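[1] Build the 3D model from these lines:
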Amino acid sequence: IAAAHFGTDHTEFRVTPSAVDLVEKLVWHHDGPFGDSSAVPTYIVSKLTRQHVTVALTGDGGDELFAGYHRFYAAVVAEHIPPSIRQALTGVLARPGESHHGRHWRSRARRFLSAMNLPLYERLTRWSSLFYDDVEQLLSAELLASIRPIERVGYLSDEIEHAEGLSPLTRLLRANFARYLLDDLLVKTDRCSMACALEARSPFLDRELVEYVMALPDHFKLRRGRNKVILRDACADLVPREIARRGKMGFGVPLGAWFRGELREYLDDYLLSRDAAYRSYLSPEFVAGLVRRHRKGPVDLSLQLWSLLTFEIWLRQLPGWVAERRADARALVDGASHQASELLPSRL
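    Next up is the predicted model:
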C-alpha cells in the first residue's frame, strides 16, 4: 500500500528459521548477550538495504517522543482508577491458567491487572520486563546469595530523582527515552546497520525536534486512547488511511512457533545441555521449566527463551574473546618493544 501510494519499489524478504544462525554473529556485534530478537530482522533488512544505498533513515524515536506504546496509555489510565475499583478489577480476569499469545485480549488484560496497583515506575518496569516476578527464581542460589537485593527500578534512579513534579505521562516518556530507546533500540539499530556498513540516521531524534515535542502538553501526544496525536494529525494528508488506522505491529520473527518446531533441537542443545555454561549463574531447573511451559502452550515464552539463548551463546564465546584480546595485547606489547629496541641505538 505504501509503495503504491508513494510510487516506490517494494522489496519483500521472507525470513525463515535458518535466520537464527545469525544469533552468534549478532552476539559478537553487540559485544554481549542482546535480548531483543528484532535484531534478527533488523540485521537482515540492513543487509538488504546496503545492496542499494549507503545511508538509510529509521523511525526510531517516533513512539518514544509521541507516546506510541500501549503501555503508556495503560499506565496513565491506571493512575486515574480509584483504589477501590482497582481491587475489584483485579479479581475479574485473574483466573488460574496461562494466558494466550501476548496480543490476545485476555493476556493484555492480565498484564494490565498484574501491575495496576504498583507505583508508576514499577508498573512500567513490570510491563516491560521478561523476568520481573521470577528473577530470583531464575538466578542460581549461589549467585543470589552473593549479590545485594535486586532493585527492580534501580536502573531508573537518575530519572526518578529529576522527574519530580512532572505529569505521569512525561515521567514515563522520559524514563523510556533514557533507557529503552538508548539501551535497546538505538544499540540494536547502530550495531546491526554498521555490521552491514550501512549508516542509519534517525530524523525523529533531531535535537530541536526532541526539545520541541518534549515541551508540548500531554494531550498533543495522548488523548482519549489515541496516541501520537500531533504526529498523526500532521501526516493525515500524507499517509494512506489503511496505514494510519492500522494497529501497532512489532518488528519481530515468529520465535514462538520456531522454538516449538524447526528450532526445537537447536534450543535444546543450548538450554537443556548438561554442559550449558549458564548453569554457573542461573537455575537449570527454572530454565528447563520455561522450555516445557512454552512447548506445552498456549503461553508464549519465546522472548524469555531468546534472552537466555543469547546469554548462553555469549558465555560460550567469551573464552575465545578473552584469549584473542590477550593475544592482541601481547602482539601490541611485542611490537612496541621491537620498535623501541630499533630506535634506541640510533638515538644513542
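[2] Closest to the centroid, which residue in the chain?
    Closest residue to the average C-alpha location of the chain: D36 at 4.2 Å, with C-alpha atoms, centre = their mean.
[3] Is it in contact with K188, as I believe?
    Yes - the pair D36 / K188 is scored as a contact, 5.5 Å apart, by C-beta atoms under 8 Å. Just so you know, the C-beta spots here come from the backbone N, C-alpha and C atoms, and that holds for glycine as well.
[4] Could you tell me which residues within stretch 233-250 count as buried?
    Burial within stretch 233-250, assessed by neighbour count using 16 or more other C-beta atoms under 10 Å, is assigned to V239.
[5] ends of it, how far apart?
    Distance between the boundary residues of stretch 233-250 (C-alpha to C-alpha, to the nearest Å) amounts to 22 Å.
[6] Quick one: residues contacting Y73.
    Y73 sits next to 67, 222, 225, 227 when contact means C-beta atoms under 8 Å, 6 or more residues apart in numbering.
[7] Pick the one among the residues you listed closest to G252.
    N227 (19.9 Å; C-beta to C-beta).
[8] Tell me the bridge partners for that closest one.
    Judged by DSSP bridges, the bridge partners of N227 are L222.
[9] Roughly how far does it sit from Y69?
    8 Å (C-beta to C-beta, to the nearest Å).
[10] quick one: which of these two has more around it?
    The residue with more neighbours, out of N227 and Y69, is Y69; 21 against 18, by other C-beta atoms under 10 Å.
[11] Can you give me the distance of the more buried one to F177?
    Counting by C-beta to C-beta - Y69 and F177 are separated by 12 Å.
[12] go on, I1?
    Distance from I1 to F177, by C-beta to C-beta: 30 Å.
[13] more neighbours, the two?
    F177 (17 against 12).
[14] Thought E64 was touching that one, still the case?
    Yes - F177 is in contact with E64 according to C-beta under 8 Å; the separation is 5.0 Å.
[15] what stretches of the stretch 1-150 of the chain score poorly on pLDDT?
    90-106 (pLDDT under 70).
[16] still on that earlier bit, what about the residue nearest to the centre of the chain, is that helix, strand or coil?
    Assigned with DSSP: H, G, I helix; E, B strand; the rest coil, D36 falls in the coil class.
[17] dump the residue contacts of it.
    With the criterion set at C-beta under 8 Å, 6+ apart, D36 makes contact with 184-185, 188.
[18] mind listing which of those are in helices?
    K188 (DSSP state H).
[19] A329: which of the contacts of D36 is nearest?
    K188 (29.4 Å).
[20] and the nearest residue to the closest one once chain neighbours are set aside, what is it in contact with?
    Once flanking residues are discounted, K188 sits nearest to A39: 5.1 Å by C-beta to C-beta, 6 or more residues apart in numbering. By C-beta under 8 Å, 6+ apart, A39 lies in contact with 26, 30, 188, 191-192.
[21] what about the helices in the stretch 151-300 of the chain?
    157-162, 168-176, 186-195, 207-214, 229-234, 241-244, 255-260, 264-271, 284-296 (DSSP state H, counting those that start in this stretch).
[22] got any ranges where the stretch 201-348 of the chain has weak pLDDT?
    344-348.
[23] same for the helix or strand harbouring L343, what does it pack against?
    Using DSSP states H and E, L343 sits in helix 302-347. Contact partners of helix 302-347 among helices and strands, from 3 or more C-beta pairs under 8 Å, 6 or more residues apart in numbering; DSSP states H and E: helix 23-30, helix 255-260, helix 264-271, helix 284-296.
[24] cutoff 6 Å now
    helix 23-30, helix 255-260 (3 or more C-beta pairs under 6 Å, 6 or more residues apart in numbering; DSSP states H and E).
[25] Moving C-terminal from the longest one, which element do we reach first?
    Think helix 23-30. Next element after helix 23-30 (DSSP H and E): helix 39-50.
[26] which of the residues in that next one are buried?
    Those would be 39-47, 49-50, for helix 39-50 by 16+ other C-beta under 10 Å.
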